[in-house]
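[1] Quick one, what's the 3D model for this:
(one chain, ligands or ions: 1)
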Amino acid sequence: AGTKTFAAVDLGASSGRVMAGRVGPDTLDLTEAHRFPNRPVRLSEGLRWDILGLYGGVLDGLRAAGPVDSVGIDSWAVDYGLLDARGALLGNPVHYRDARTEGVPERVWATVPPETLYRATGIQYAPFNTLYQLVAARDTPQLLSAKRLLLIPDLIAYWLTGEQGTELTNASTTQLIDPRTGDWNRDLAGRLGIDLALFPPLRRPGDPAGALLPAVREQTGLPGPVPVTAVGSHDTASAVAAVPARRGERFAYLCTGTWSLAGLELDAPVTTEASRAANFTNELGVDGTIRFLRNIMGLWLLQECLRAWGREGDLAPLLAEAARAPALRSVVDAAAPGFLAPGAMPERIEAACRATGGPVPRTPGETTRCILDSLALAHRRAIREAQRLADRSVDVVHIVGGGARNALLCQLTADACGLPVVAGPAEAAALGNVLVQARAHGLPGDLASTRELIARTQPLTRYEPSGDPAAWEAAERRTEGARPLCS
Ligand code: LFR
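    Next comes the predicted model:
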């Protein structure tokens, strides 16, 4: 009794899924309705998202999910589609790993210095922030004729409902929002010639976002009416909302997937010069929280190696080899900007090993070990720095997202951090998406109580720190001087 079902559309950089979450006051059950690959396409004009393929996957997923009480959508951040005056899409959305922003940040900083940008937005420097993408696109025929800009989840929501909005957690990653007011930074946009009128009005997680169009209901076979509800539409906002922390627990989180996002949940942004220099970001979360975190390249390093070796889908034997390989033999700075672009990943990792004076991995198993050791080391560094910069200390690290299934990565992270790790849920973004919808549709309680519901109902694995702390300290010194993402 009192159970409702919510569809979570969750689009990640390498796959998309539609999950069905059944939620009651004391029950939470998530099942996968449909999963589909997200394959970016390289054209001579650059790297593009196959947005229609993704939307087709969303429709298939809604059909497979069956009758639901609401739909919520989250995806990766910063990217967008442009619409013409009639609401038609102008071209394929550009991938955040595309090279079009090369040299653009320097141009922006000539108008607005990086210190000013950081104080105004709290957002880390990354070349793919929407702000830089829009400056890169200035004077292109598409941007010149665009009447609307919709961030990726808002674009999917628009196709499903015919209604336009800009969800706030994802909007914060544009680097055009003031994190203190939660509103657009008009002065900054004006100085950079960015037209904020392109963005439809802001909405917050939990706000109504329309209802499925009749044509969509027909395509998906869903009996109507089906409301769409705004969630933390930035996947990381949804994932952090689903961290299974106990009320009052002092925790750090690690959202692992294509990226590793490592940091703390705060009530207020930290925009000190030290925090800027360390390239920590302050993204907006659900219920007015701040995600104070660093971007680390994450399992992207491994995904790209698998692709280069032609061994996609062949992870298990490599992880077994990696577990047997010697520990901390070669390490690289897993937050280094040089790993952002696609291609030639094994070669770039070899070059980085040479740069830190270590031996070069000789087999895919050794390279995999190098990546996992390096990620654990980067997790350690980010979680330590976050505590120092925010003047907070933590007792436990929660690992959520796909990497929570990677036992070696979880154990190495516990060892590197010298803290217990609680791993799970792997589908955190979808769970956070579902629970924000559930609260909007009558589930009582605050963020802490929905987190406790996850802790009570989802399988979690605990890893205690082991091994030699001195080995991690020595490895940290070897990669010192290597700088965080894109700084
Ligand atoms: C994770 C993520 C990160 C963001 C990156 C690019 O999927 O959303 O939070 O920095 O992708 O959008």
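
[2] and the gap between S449 and the ligand?
    25 Å (Cβ to the nearest ligand atom, to the nearest Å). All C-beta spots, glycine's among them, are computed from the backbone N, C-alpha and C.

[3] Residues contacting the helix or strand harbouring that residue, please?
    In the assignment (DSSP states H and E), S449 maps to helix 447-457. By Cβ atoms under 8 Å, 6 or more residues apart in numbering, the surrounding residues in contact with helix 447-457 are 26-29, 241-247, 286-287, 289, 425, 431, 435, 438-439, 443, 445.

[4] Narrow the residues you listed to those that are buried.
    28, 241-245, 286, 289, 425, 431, 435, 438-439, 443 (16 or more other Cβ atoms under 10 Å).

[5] and these as JSON lines, adding distance to G46, secondary structure and pLDDT?
    Below are those laid out as JSON lines (distance: Cβ to Cβ, whole Å; DSSP: H, G, I helix; E, B strand; the rest coil; pLDDT from 0 to 100):
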{"residue": "L28", "distance to G46": "41", "secondary structure": "strand", "pLDDT": "98"}
{"residue": "A241", "distance to G46": "33", "secondary structure": "helix", "pLDDT": "98"}
{"residue": "A242", "distance to G46": "34", "secondary structure": "coil", "pLDDT": "98"}
{"residue": "V243", "distance to G46": "35", "secondary structure": "coil", "pLDDT": "98"}
{"residue": "P244", "distance to G46": "39", "secondary structure": "coil", "pLDDT": "98"}
{"residue": "A245", "distance to G46": "40", "secondary structure": "coil", "pLDDT": "98"}
{"residue": "V286", "distance to G46": "33", "secondary structure": "helix", "pLDDT": "98"}
{"residue": "T289", "distance to G46": "35", "secondary structure": "coil", "pLDDT": "98"}
{"residue": "P425", "distance to G46": "35", "secondary structure": "coil", "pLDDT": "98"}
{"residue": "L431", "distance to G46": "34", "secondary structure": "helix", "pLDDT": "98"}
{"residue": "L435", "distance to G46": "37", "secondary structure": "helix", "pLDDT": "98"}
{"residue": "A438", "distance to G46": "39", "secondary structure": "helix", "pLDDT": "98"}
{"residue": "R439", "distance to G46": "40", "secondary structure": "helix", "pLDDT": "98"}
{"residue": "L443", "distance to G46": "43", "secondary structure": "coil", "pLDDT": "96"}
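
[6] hmm, which helix or strand of this structure has the shakiest average pLDDT?
    helix 469-479 (a mean of 92; mean pLDDT, DSSP states H and E).

[7] Can you give me the buried ones in that helix?
    Buried, per 16+ other Cβ under 10 Å, within helix 469-479: 472, 475-476, 478-479.

[8] just how off-centre is that helix within its chain?
    28 Å (Cα atoms, centre = their mean, to the nearest Å).

[9] Let me know the helix or strand that the residue in the stretch 301-450 of the chain positioned nearest to the ligand is in.
    Of the residues in the stretch 301-450 of the chain, the one nearest the ligand is A429, at a distance of 8.1 Å by Cβ to the nearest ligand atom. Secondary structure from DSSP H and E places A429 in helix 428-440.

[10] Measure how that helix sits relative to helix 447-457, angle-wise.
    120 degrees (axes from the mean of the first three to the mean of the last three Cα atoms, to 10 degrees).

[11] Show me what helix 428-440 is packed up against.
    If contacts are counted by 3 or more Cβ pairs under 8 Å, 6 or more residues apart in numbering; DSSP states H and E, helix 428-440 sits against strand 4-11, strand 15-24, strand 27-37, strand 70-75, strand 227-229, helix 235-241, strand 396-401, helix 447-457.

[12] Which helix runs longest in the chain?
    Longest helix in the chain, counting residues (DSSP state H): helix 364-390.

[13] Give the buried residues for that one.
    364-387, 389-390.

[14] any idea of the mean pLDDT in that helix?
    Per-region confidence: helix 364-390 scores 98 on mean pLDDT.

[15] Is it positioned near the ligand?
    No - contact of helix 364-390 with the ligand (Cβ under 6 Å from any ligand atom) is absent, the minimum separation being 13.4 Å.

[16] how far is that helix from where the chain is centred?
    Worked out by Cα atoms, centre = their mean, helix 364-390 lies 17 Å from the chain centre.

[17] Equivalent analysis for stretch 265-274, please.
    19 Å.

[18] so R324 sits right up against G365, yeah?
    Yes - in this structure, R324 is within contact of G365 by Cβ atoms under 8 Å, at 7.3 Å.

[19] residues from the stretch 51-200 of the chain in reach of the ligand?
    Close to the ligand, as judged by Cβ under 6 Å from any ligand atom, the stretch 51-200 of the chain has residues 76-78, 96.

[20] With respect to F6, which of the residues you listed is nearest?
    Nearest to F6 among those is W76, at 20.8 Å by Cβ to Cβ.

[21] gap between the closest one and L151?
    Remark: distance between W76 and L151 (Cβ to Cβ, to the nearest Å) = 10 Å.

[22] Neighbour count: the two, which is higher?
    Taking W76 and L151 together and counting by other Cβ atoms under 10 Å, L151 has the greater number of neighbours (28 against 25).

[23] partner residues bridging that one?
    Beta-bridge pairing of L151 under DSSP bridges involves Y80.

[24] can stretch 235-245 be found next to the ligand?
    Yes - counting by Cβ under 6 Å from any ligand atom, the ligand is contacted by stretch 235-245 at 235-236.
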